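Enquirer: Build me a model:
(chains A, B, C and D)
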Number of protein chains: 2
Amino acid sequence: MSRPRWLNDDEQGAWRAFYAASRVLFDQLDRELQRDSDMPHAYYEILVVLSEVPGRELRMRELAELTRSSPSRLSHAVSRLEGRGWVRRRECPDDKRGQLAMLTDEGMAALVEAAPGHVEGVRTHLFDRLTPQQVDQLRAICEAVVEPLVPDHPLLRREGLGTSAGRKEGP
Amino acid sequence: MSRPRWLNDDEQGAWRAFYAASRVLFDQLDRELQRDSDMPHAYYEILVVLSEVPGRELRMRELAELTRSSPSRLSHAVSRLEGRGWVRRRECPDDKRGQLAMLTDEGMAALVEAAPGHVEGVRTHLFDRLTPQQVDQLRAICEAVVEPLVPDHPLLRREGLGTSAGRKEGP
DNA sequence: ATCAATTAGTTGAGCGTTGAACAACTACTA
DNA sequence: TAGTAGTTGTTCAACGCTCAACTAATTGAT
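Expert: Okay, the predicted model is just below:
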């Protein structure tokens, strides 16, 4: 490796700010979700994805892709969600290796209960602090960062999953 | 709580992009740090803070503040770092409740070994994707987010700790 | 000087994540 | 039609974090 290209002061400042903002914001939202709805953000994300898909069920593999989690992580998570009665597993009819994860009514209810507070948190801690221009800037910056690392990231696709639910929430 | 103020399309897009970027970027940097230097980012952060402070030692309490971790988390982390020989604990001379965490030469060596690769990662995955204007925008946005949640966040202070090390690295 | 309140730090249990190893099934190739 | 390679999902052990409980020392008020 060649001589390290250190960060200049502007970069240093931006980097530290970005790091701080990410940690502070997501920690805060996690804490709120845990406190108000007794669920970690990872659960919330899984429920959101399942809720937006026709039939409210998905192959584990697809669910893993859409939530960007490892198979292992998802398997554990779904087991825990099953324990709460929020998700049910069933065998995949046309591929005996496969498992389908399905959102139960209880799971949907938990999500409907959790969503407004979470969205409120996102608004309070993020969008209420930014001008409309900054919202656009943030999006452009973040898309530029994600694209090279994950060329077709599911959260950046313009058409959202089922196109189904007209007005839903932000994960 | 009043009727939820849902996110409009711009906000939805910005939110998802920000979420994706944070996860993707920090996951990537974590993985690289783990692979190349066998240390999680949390360790790296602790080593950086200790390395920048005169005497390379700090009260646990101060170290917890500067790394924004809970006392418990820090205590566990320092124990693990002690196990690797990268940090040593000693009693605080003027407060018998206190403990000082001190960076060892081995710890400093591990940091010096890890830093260039990590900085390179930050540059590759973040700054190489952004224009100078975007770097400024990102900083302003992130500072606006952090400030209300953590009024005097250590990473946002203009004067960096000891002012000591002229050219160091970005955490 | 005494006693409550506060501060510093540790510990242990439980949760969630990771990475590697594994079993079961499917798809491809000869 | 084998036989090999790839896919799907689970399990286990190790790691790190959180939360609550705890010990010990200090501060502050009477």
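
Enquirer: Spell out which parts of chain A neighbour DNA strand C.
Expert: Counting by CB under 7 Å from any atom of the strand, the residues of chain A close to DNA strand C are A:40, A:42-43, A:69-70, A:72-73, A:76-77, A:80, A:95-97. The C-beta positions use only the backbone N, C-alpha and C, and glycine is treated the same way.

Enquirer: So how do I select the buried members of those in PyMOL?
Expert: Filtering the residues of chain A next to DNA strand C down to the buried ones (16 or more other CB atoms under 10 Å in any protein chain shown) takes a single PyMOL command:
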select buried, chain A and resi 42+43+69+77
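
Enquirer: does A:V146 really touch A:H153, like I thought?
Expert: Yes: assessed by CB atoms under 8 Å, A:V146 is found in contact with A:H153 at 5.1 Å.

Enquirer: Looking at chain A, which helix is longest?
Expert: helix A:9-37 (DSSP state H).

Enquirer: related to what we said a few turns ago, what residues are shared contacts of A:V146 and A:H153?
Expert: Shared contacts of A:V146 and A:H153 (CB atoms under 8 Å, 6 or more residues apart in numbering or on different chains): B:A20, B:V24.

Enquirer: Those two: which is more packed in?
Expert: In this view A:V146 and A:H153 are compared by other CB atoms under 10 Å in any protein chain shown, and A:V146 has more residues nearby, 26 against 18.

Enquirer: Then A:R89 would be within a strand, right?
Expert: Yes: assigned with DSSP: H, G, I helix; E, B strand; the rest coil, A:R89 falls within a strand.

Enquirer: rewinding a little: point out the ones among the residues of chain A next to DNA strand C that are inside helices.
Expert: Among those, the ones falling in helices (DSSP H) are A:A42, A:Y43, A:S72, A:R73, A:H76, A:A77, A:R80.

Enquirer: just checking, what packs against the longest helix of chain A?
Expert: Here helix A:9-37 touches helix A:41-51, helix A:105-125, helix B:9-37, helix B:132-149, going by 3 or more CB pairs under 8 Å, 6 or more residues apart in numbering or on different chains; DSSP states H and E.

Enquirer: Which pLDDT value goes with the residue of chain A found nearest DNA strand D?
Expert: Across chain A, no residue is closer to DNA strand D than A:R61, which sits at 2.8 Å (CB to the nearest atom of the strand). Looking at A:R61, its pLDDT is 97.

Enquirer: Which helix or which strand is home to it?
Expert: helix A:60-67 (DSSP states H and E).

Enquirer: Can you list the buried residues in that helix?
Expert: A:M60, A:E62, A:L63, A:A64, A:L66, A:T67.

Enquirer: which of the ones in helices among the residues of chain A next to DNA strand C lies closest to B:R158?
Expert: A:A42 (35.8 Å; CB to CB).

Enquirer: Tell me where the model's unsure across chain A.
Expert: Where chain A drops to pLDDT under 70, the residues are A:1-4, A:159-171.

Enquirer: who does A:E57 bridge with?
Expert: A:M102 (DSSP bridges).

Enquirer: residues contacting it?
Expert: Residues near A:E57 by CB under 8 Å, 6+ apart: A:L50, A:R90, A:L100, A:A101, A:M102, A:L103.

Enquirer: Buried by neighbour count, from the residues you listed: which ones?
Expert: A:L50, A:L100, A:A101, A:L103.

Enquirer: how about JSON lines for the residues you listed, with distance to B:G121 added?
Expert: Below are the buried ones among the contacts of A:E57 laid out as JSON lines (distance: CB to CB, whole Å):
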{"residue": "A:L50", "distance to B:G121": "34"}
{"residue": "A:L100", "distance to B:G121": "38"}
{"residue": "A:A101", "distance to B:G121": "34"}
{"residue": "A:L103", "distance to B:G121": "37"}
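
Enquirer: Show me the residue at the heart of chain A, geometrically.
Expert: A:E45 (4.5 Å; CA atoms, centre = their mean).
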